[in-house]
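>>> Whatever this is, show me its structure:
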Amino acid sequence: QLQLVESGGGLVQPGGSLRLSCAASGFSVDTYGIGWFRQAPGKEREAVACISSSGASRNYADSVKGRFTISRDSAKNTVYLQMNSLKPDDTGVYYCAAEYLGGCPRRITRAPYTYWGQGTQVTVSS
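Residues are numbered from 1 along each chain as shown. Okay, here's the model as predicted:
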């Protein structure tokens with residue numbers, strides 16, 4: 001059974017950092033494109049970052065460029081989202097999602113992703 005489990009969320013002050021993890025089971029992250037999305041209260045889910053199945057392509061939403069970094073550890077079958085210089089607008093539930101042999105276009109959308117995790121809450125507040 002394919003499963004994604006996010007972890008690493010929490011409460012952090014503005015300017016702080018968090019590293020989110022997306023642990024995969026039942027499949028290899030080397031054969032799936034992985035995307036990170038977030039959803040703030042009362043807002044639609046939006047794309048944050050993605051990495052292609054090959055690992056060669058990585059893209060970010062304009063709002064997080066230069067602050068967030070997506071990476072992959074094949075040995076741990078886990079994808080990470082390093083979040084630095086966090087702002088209150090980064091608050092929301094963060095989800096990871098997987099697409100078999102997925103790419104990572106500059107304009108990241110939800111549509112191609114088949115499998116989704118349950119999310120982890122990130123709150124940026126003083």
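
>>> Tell me how far the spatially most central residue of the chain lies from residue 126.
The structure's the chain has its C-alpha centroid closest to residue 36; by Cα atoms, centre = their mean the separation is 2.3 Å. Residue 36 sits 24 Å away from residue 126, going by Cβ to Cβ, to the nearest Å. (Glycine included, C-beta is placed from N, CA and C.)

>>> ditto for residue 35
30 Å.

>>> And for residue 7, nearest residue in space, chain neighbours not counted?
residue 21 (5.0 Å; Cβ to Cβ, 6 or more residues apart in numbering).

>>> right, I mislabeled it, should have said residue 101
Nearest one to residue 101, counting by Cβ to Cβ, 6+ apart, is residue 53 at 5.1 Å.

>>> Wait, a helix at the one you found?
No - counting by DSSP: H, G, I helix; E, B strand; the rest coil, residue 53 falls outside a helix, being coil.

>>> Residue 35 and residue 126: which has the busier surroundings?
residue 35 (28 against 8; other Cβ atoms under 10 Å).

>>> coming back round to it: give me the three-state assignment for the residue nearest to the centre of the chain.
Once three-state DSSP is applied, residue 36 turns out strand.

>>> my read: it touches residue 21, true?
No - taking Cβ atoms under 8 Å as the definition, residue 36 is not a contact partner of residue 21, at 10.8 Å.

>>> Show me whatever sits in contact with both of the two.
residue 79 (Cβ atoms under 8 Å, 6 or more residues apart in numbering).

>>> ok, residue 112 - contacts?
Contacts of residue 112 by Cβ under 8 Å, 6+ apart are 33, 99, 102-103.

>>> Farthest pair within the residues you listed?
99 and 103 (8.1 Å; Cβ to Cβ).

>>> Among the contacts of residue 112, which one lies nearest to residue 117?
In terms of Cβ to Cβ, no member of these lies closer to residue 117 than residue 99, at 13.4 Å.
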